Structure formats: structure tokens, C-alpha cells
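> model the following, please.
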Amino acid sequence: MSMRIGVVTFPGSLDDRDAQRAVRLAGAEPVALWHADADLHGVDAVILPGGFSYGDYLRCGAIARFSAVMDSVIKAAGDGLPVLGICNGFQILCEAHLLPGALTRNEHLHFRNRDQWLRVESTSTAWTAGFQAGQEILIPVKNGEGCYVADRRTLDELEGSGRIVARYVRGNPNGSQRDIAAVRNEAGNVVGIMPHPEHAVEALTGPSVDGLGFFTSVLAHLGAHA
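Numbering: from 1, shown residues only. Okay, here's the model as predicted:
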């Protein structure tokens, strides 16, 4: 029986269908989840996709954090459910305090859309176990509020505990502190990433197929813990 991975749609989500396609290409069954429905429908993992939830009013992800589905996601994440937040999903995870820090306006104040090299720093997560530490991957980045910030104590703690999942290399597209592109929680089941792995899953359309590793990693993780 194939694994079932839920993809949440908020008002303003743009990349939910792309995330569903990536799940399907990885070999799992995508399950559409609605922001106003607290029922996770028994999925094995959850993806919070990119976009502009609730129009990015107040702050990016600030309203989505209070949606009915997020109450269930927060509880399930605490019980070990793998959760991946991509771009706006990363912002929502920070607003929900499932991840530390915040995503703020790009340092140069411009929207940035380009193919971006990342270095995978941590493979001890449900979403990156299939990579090698130090591996460089190419996936798109597209954001206006992608600058990761945190106080020095938090940054030092993330560094010291190996919770920085990926860093920007060959250029920092948004001014994120310490070139941070992705972070994880202590348990490693929750990951937030600003670039878009779901846009690098097919040779025809992506700059690479490097992004597919995030989705195949979580399937291997779920299989190992079944």
C-alpha cells in the first residue's frame, strides 16, 4: 500500500498542485488537505506548500498559522509526523513556532526568482536522509520575504546542534543570516526550506531533478519506521 502525503491548500496557495505532482512522482499518493478542515485524513506526512496564504496580510504565514488544519499539524508534528514547509510553508512553520526564527523581507528589497545552488548540511531529517552531507543541489528559489533571521543565540544553537539543513552557496539570494536556506526541529521530522524542491523533480521542466530527493527521502523514512 502506497504512502499518503497530505498537501495543504490555503487561500492564496500557488504551489500545492506542484507539490502533489512531486509526491506522485516520488511514488506516493498525494492527498489534498483544506485549510479549514482540521482532519488530516490519516496521512503519513504533510507538506505546507508555497504561495501567498491569505494574501500575506499582517506577515507572511501569520494568518495561516491560525487555520483549523494547523492545530492538527502542530499536534501531529509533536507526535513525530513528518512535516515539510516550502517557502510560504516555511514562513507558516516559523509563525506556528514549530521552527525557530523568522522570514523577513529580502535584504535587497527585491523579489528574487532564479535557480539556486544549495549545500545539504544535515541528512538527519525525514526529508533529507537520502542526500549526502555536503552534497550540492540545484533548485529554484522565488521569494520576496525569504531572508532568514534569528537572534545570535538561536543561530549558534542551530549551528551547534546540526539543525541547519541547507545553506545557499554560490550566492545568497535574499540575505539570509549565515546563508541559511533550510532548518529543522530537534527531532528532525519538521523541515522548513525557502527554495522550491517541488519545482526540480523532472528533467523537462526543472533545472535538475535534485528536488525529488526530499520526497523520496520521506518515503524511505516512513518505510523504515512503519
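
> CA atoms for contacts and neighbours, from now on please.
Noted.

> let me see the contact set for the nearest residue to Ser13 once chain neighbours are set aside.
Excluding the flanking residues, the one nearest Ser13 by C-alpha to C-alpha, 6 or more residues apart in numbering is Gly51, at 4.3 Å. Shown in contact with Gly51 (C-alpha atoms under 8 Å, 6 or more residues apart in numbering): 12-15, 87-88.

> ok, now with 10 Å
9-16, 60-61, 86-89, 142-143 (C-alpha atoms under 10 Å, 6 or more residues apart in numbering).

> which of those residues are buried? Put it as a ChimeraX command.
To isolate the buried members of the contacts of Gly51 in ChimeraX, using 16 or more other C-alpha atoms under 10 Å:
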select :9,10,13,14,15,16,60,61,86,87,88,89,142,143
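
> and whichever helix in the chain runs longest, which residues are buried?
Longest helix of the chain, by residue count under DSSP state H: helix 212-224. Across helix 212-224, burial judged by 16+ other C-alpha under 10 Å covers 212-219, 221-222.

> still on that earlier bit, nearest to His110 among the contacts of Gly51?
Asn143 (8.7 Å; C-alpha to C-alpha).

> how near is that closest one to Gly175?
Noted for Asn143: a distance of 12 Å to Gly175, by C-alpha to C-alpha, to the nearest Å.

> before we move on, the earlier item: least confident of the contacts of Gly51?
Least confident entry in the contacts of Gly51, by pLDDT: Cys60, with 80.

> against Phe215, how distant is it?
Cys60 is 25 Å from Phe215, by C-alpha to C-alpha.

> before we move on, what about Arg167?
From Arg167 to Phe215 the distance is 19 Å (C-alpha to C-alpha).

> where along the protein do the helices fall?
16-26, 68-78, 88-95, 152-160, 212-224.

> mind putting the ones you listed into a markdown table with distance to Arg4?
Shown next, in a markdown table, are the helices of the chain (distance: least, C-alpha to C-alpha, whole Å):
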| stretch | distance to Arg4 |
| --- | --- |
| helix 16-26 | 9 |
| helix 68-78 | 15 |
| helix 88-95 | 19 |
| helix 152-160 | 30 |
| helix 212-224 | 9 |
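
> sorry, back to before: quickly list what's touching both of Asn143 and Gly175.
With C-alpha under 10 Å, 6+ apart as the test, Asn143 and Gly175 both reach 105-106.

> so, low pLDDT: which residues of this protein?
Counting by pLDDT under 70, the chain has low-confidence residues at 1.

> of all the helices of the chain, which one is nearest Phe131?
helix 212-224 (6.9 Å).

> can you check what angle separates that closest one from helix 16-26?
60 degrees (axes from the mean of the first three to the mean of the last three C-alpha atoms, to 10 degrees).

> got the CA positions of helix 212-224 in PDB?
This file holds the C-alpha atoms of helix 212-224, laid out as PDB (Å, rounded to 0.1, in the frame of the first residue of the first chain):
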ATOM      1  CA  LEU A 212      12.900  14.800  -5.900                       C
ATOM      2  CA  GLY A 213      15.300  13.600  -3.100                       C
ATOM      3  CA  PHE A 214      13.200  15.400  -0.500                       C
ATOM      4  CA  PHE A 215      10.100  13.400  -1.400                       C
ATOM      5  CA  THR A 216      11.800  10.100  -1.800                       C
ATOM      6  CA  SER A 217      13.700  10.600   1.500                       C
ATOM      7  CA  VAL A 218      10.500  10.900   3.400                       C
ATOM      8  CA  LEU A 219       9.100   7.800   1.800                       C
ATOM      9  CA  ALA A 220      12.200   5.800   2.800                       C
ATOM     10  CA  HIS A 221      11.900   7.300   6.300                       C
ATOM     11  CA  LEU A 222       8.300   6.300   6.600                       C
ATOM     12  CA  GLY A 223       9.100   2.800   5.300                       C
ATOM     13  CA  ALA A 224      11.800   2.400   7.800                       C
END
